[in-house]
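Colleague: Got a predicted structure plus its sequence, pasted below:
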Amino acid sequence: MSLENENITRIHLDNKEYILVGTAHVSKHSAELVKEVIEAEKPDSVCIELDEQRYKSITEGNKWKEMDIFQVIKEKKATLLLMNLAISSFQNRMAKQFGINAGQEMIQGIESAKEVGADLVFADRNIQITFSRIWGGIGLKGKSMLLAQVIASIFSKESISEEELEKIKNQDTINAILNEFTEVFPKLKKPLIDERDQYLSQKIKDAPGKKIVAVLGAAHVPGIKEEIKKEHNLASLNELPPKSKLPKIIGWSIPIFIIALIAYTFISNPSAGLQQTISWVLWNGSLSAIGTAIALGHPLAIVTAFIAAPITSLNPLLAAGWFVGFVQAFFSRPNVSDFETLAEDVFNVKGFWKNKVTRVLLVIVLANIGSSIGTFVGGADVIRLFLEHL
C-alpha cells in the first residue's frame, strides 16, 4: 500500500526507499499521519528526530525528575538544566494554551515502529553537543544575550498567537525558542539547522533495511532532501568545538597579577598589604554572599559564599557557586515533589524562588555573578592601594 500526501516525500537512492514524513511538532494531525504511514508502509526502520537522551526522557516518563542535583553541580550542567527548563516551560505554555502535547508525533513513531517490528533509529544529534556547538560560536556577548533570552522565555507570560503557532508548527522546540536569536547571530543557523540536517540525513541513510520511514519536523525536510545525496562524517559533526586559549590566559593573568601586587606590597609595606588583602576578601566575599542571599540561600550557603569567593577568584579552575551550590543542596535538598512541580513553578517568579531545584540554580548563578563583580571591584581596590603606597 502506498500513501500520497503533501507532507510525505519519497526518495529512491541506492536501491533503498526513504519516506520522509514532515510533521508539525504541535499538531495532533501529524501524529495521526505518522501512525497511518508506518502501518501502511511497514518499513524495515523508523527514524525519529530525537537523540537517545530525549528518547529516554520520553519512554522513561518522569524519571529525569529523580536526578541527583549534586551530580548536576559536579558535572557543571547547571546551564544545560536551565536550557531544558526553558524548553519545558515553552512546551507547557503551548500545551496549556492550545491543548497540544509537543512531540506527540515522535511518541507515535516510537509506538508504531514497535507495533510493526521495525528497527528504531535515533536520528538526531545529541542535544548537549548541539548546545555546545552553539555556545562555542557566539562569543561572550552572544552567551550573555542567549542566557538572557533563555531566562526571559522562562518568565514570559505572553500568549502565543495563532500566527506564531503556525510558524512554530514547522519548527522543533529548540528552533522555535532560538528563532529570534538566530536572526541576530546568523552563524547559529549552521549548528542549529544545517549541521542537524546533515546529521539526520546520514543517520537515515545508514538505517538498516530497504525501506525507511523518517519522522521529521517539516522544517528539516527540504535540507535533508539535498543532504541525503551526499556523504557526511558523523564523527566530525559530533566533535565539541575547540576551546579558545584566550579565556584561560585572561583567567590566570588576573589572579597572578593580583597576588603579585599584594605580595610586592606586603614586602615593601606590610600594613598596606594587609589592607589590600582585607579589601580583596571583603569585596569578593560580600558580593558573592549578597548574591546568595538574593537567591534566598541557606544561611550556611551565604557563609560559604563569603569564605569561598575570595579563594576561588584566584583559581580559574574553581567557582564559588559550585561550593555554595553543594551546601545549598545539602541543607535544602530537592525531593521528587520539587521536580514534579518544576514545570509549573517556573511560570512565575515566586515559584522560581520557592522550588528547591531552581533555588539551587539561582544560588549557583548569583553567587558566581557576585564573585565575578567582586573580583573586578576588589582587584581595582588592590591596584588603588598599591598606587597609593608606591
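Modeller: Structure's in. What do you need? Worth saying up front: this structure is predicted, and the values here are computed from it rather than measured.
Colleague: In the stretch 251-390 of the chain, where is pLDDT below threshold?
Modeller: Counting by pLDDT under 70, the stretch 251-390 of the chain has low-confidence residues at 336, 340, 343-344, 346-349.
Colleague: And the contacts of the helix or strand where I302 lies?
Modeller: Element membership for I302 (DSSP states H and E) is helix 299-312. For helix 299-312, the surrounding residues in contact (CB atoms under 8 Å, 6 or more residues apart in numbering) are 280-281, 284-289, 291-293, 297, 318-320, 323-324, 327-328, 331, 363, 367, 370-371, 374, 378. C-beta: built from backbone N, CA, C; applies to glycine.
Colleague: What ranges does the stretch 251-390 of the chain have for its helices?
Modeller: Listed in chain order, the helices found in the stretch 251-390 of the chain under DSSP state H, counting those that start in this stretch are 270-294, 299-312, 320-331, 336-340, 342-345, 349-354, 356-388.
Colleague: Kindly report the same for the stretch 1-150 of the chain.
Modeller: 28-41, 52-59, 69-74, 78-98, 104-116, 127-135, 139-155.
Colleague: I'd like the mean pLDDT over the fourth one, please.
Modeller: Across helix 78-98, pLDDT averages out at 61.
Colleague: cool, and the second one?
Modeller: For helix 52-59, mean pLDDT rounds to 72.
Colleague: Check the first one too.
Modeller: The predicted model gives helix 28-41 an average pLDDT of 89.
Colleague: The nearest residue to L200 once chain neighbours are set aside: neighbour count?
Modeller: Nearest non-adjacent residue to L200, counting by CB to CB, 6 or more residues apart in numbering: A123, 5.1 Å away. Per other CB atoms under 10 Å, the neighbour tally for A123 reads 27.
Colleague: One more: Y18?
Modeller: If you count neighbours by other CB under 10 Å, Y18 ends up with 24.
Colleague: Now N5: closest residue in space, sequence neighbours ignored.
Modeller: Excluding the flanking residues, the one nearest N5 by CB to CB, 6+ apart is L33, at 6.8 Å.
Colleague: quick one: contacts for the one you found?
Modeller: Shown in contact with L33 (CB under 8 Å, 6+ apart): N5, N7, I8, V21, T23, E105.
Colleague: run the last query once more with 10 Å
Modeller: Contact analysis of L33 by CB atoms under 10 Å, 6 or more residues apart in numbering lists L3, N5, N7, I8, V21, G22, T23, A24, S27, E105, Q108, V215.
Colleague: For the third one, give me the backbone phi and psi.
Modeller: I take that to be N7. phi -90, psi 0 (degrees, to the nearest 10).
Colleague: Distance of the residue nearest to it when sequence neighbours are not counted relative to K354?
Modeller: Nearest non-adjacent residue to N7, counting by CB to CB, 6+ apart: G22, 4.5 Å away. Remark: distance between G22 and K354 (CB to CB, to the nearest Å) = 41 Å.
Colleague: Neighbour count for those two, which is higher?
Modeller: Shown here are G22 and K354; by other CB under 10 Å, G22 has more neighbours (22 against 14).
Colleague: Tell me the bridge partners for the more buried one.
Modeller: According to DSSP bridges, the partner residues bridging G22 are L216.
Colleague: Do you know the pLDDT at it?
Modeller: 88.
Colleague: Might one say that it is in contact with N5?
Modeller: Yes - G22 lies in contact with N5 (CB atoms under 10 Å); the separation is 9.2 Å.
Colleague: Return the residues in contact with the nearest residue to V121 once chain neighbours are set aside.
Modeller: Leaving aside its chain neighbours, V121 sits nearest to C47 (4.4 Å; criterion: CB to CB, 6+ apart). C47 is in contact with 18-21, 109, 113, 118-124, 200, 203-207, 212-216, counting by CB under 10 Å, 6+ apart.
Colleague: Just the buried ones from those?
Modeller: Buried residues within the contacts of C47, counting neighbours by 16 or more other CB atoms under 10 Å: 18-21, 109, 113, 118, 120-124, 200, 203-205, 207, 212-216.
Colleague: Looking at the residues you listed, which are in strands?
Modeller: If you go by DSSP state E, the buried ones among the contacts of C47 have Y18, I19, L20, V21, L120, V121, F122, I212, V213, A214, V215, L216 in strands.
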